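Chemist: Sequence first, then the predicted structure, then my questions.
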Amino acid sequence: MNLSWLPQLASIAVALVVGAVIITVRLKASSKPTSFKKIMIPPLGMSTGFAMFAYPPTHVPWLWAAAALLAGVLFFSYPLILTSKFEARGGQVYMVRSKAFVFIIIALLIVRLLLHDLVERAVTIPQTGALFFLLAFGMIVPWRLAMLRRYRVVLAALGKA
């Protein structure tokens, strides 16, 4: 019995679960005040993923790494930045729930799954993981920095900055 499709199916399943978790967390976040820590901890926590590059099978050419990082910055972060807004309520700063966010996350997930299949044909599974980590890191850092900038503007309007 040929089970060579199992890793790809597992990868798709994990991506779908992570996408659902992101949507759930983001929708719940709009009902609680946000803070500097809530905005900046995800990219800081994610940065520990760079440790994977100590494992030689994850090494990719510098040009590929730069391309993955830039794709995250230039293409994938922009829709998230556009849908991340804040407002003041009761002296606290809240994220504004965006109807477009869920659709953007689903679209990004579909694009990621399609790209994953193409990339996996050209490089090993550990290298694919490394490239998609760089893509995701390139997406999350500008998004969170834009969120932080907007958060501080609303905080300043409340006279708390």
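Modeler: Good, I have the coordinates. Residues are numbered from 1 along each chain as shown.

Chemist: Of all the residues in the biggest helix by length in the chain, which ones are buried?
Modeler: Assignment by DSSP state H gives helix 125-157 as the longest helix of the chain. Applying a neighbour-count criterion of 16 or more other C-beta atoms under 10 Å, one finds 127-144, 146-147, 150-152, 154-155 buried in helix 125-157. Using the backbone N, CA and C atoms, a C-beta is placed for each residue, glycine as well.

Chemist: other SSEs contacting that helix?
Modeler: Applying 3 or more C-beta pairs under 8 Å, 6 or more residues apart in numbering; DSSP states H and E, we find helix 125-157 packed against helix 36-46, helix 62-71, helix 77-82, strand 85-89, strand 92-96, helix 99-122.

Chemist: now that helix against strand 92-96, angle please.
Modeler: Using axes from the mean of the first three to the mean of the last three C-alpha atoms, to 10 degrees, the direction of helix 125-157 lies 130 degrees away from that of strand 92-96.

Chemist: Centre of the chain to helix 125-157, how far?
Modeler: 6 Å (C-alpha atoms, centre = their mean, to the nearest Å).

Chemist: Where does pLDDT dip in the protein?
Modeler: 161 (pLDDT under 70).

Chemist: Count the residues that sit near the residue nearest to Arg26 when sequence neighbours are not counted.
Modeler: Spatial nearest neighbour of Arg26, chain neighbours left out: Phe101 (6.1 Å); criterion: C-beta to C-beta, 6 or more residues apart in numbering. Using other C-beta atoms under 10 Å, Phe101 has 22 neighbouring residues.
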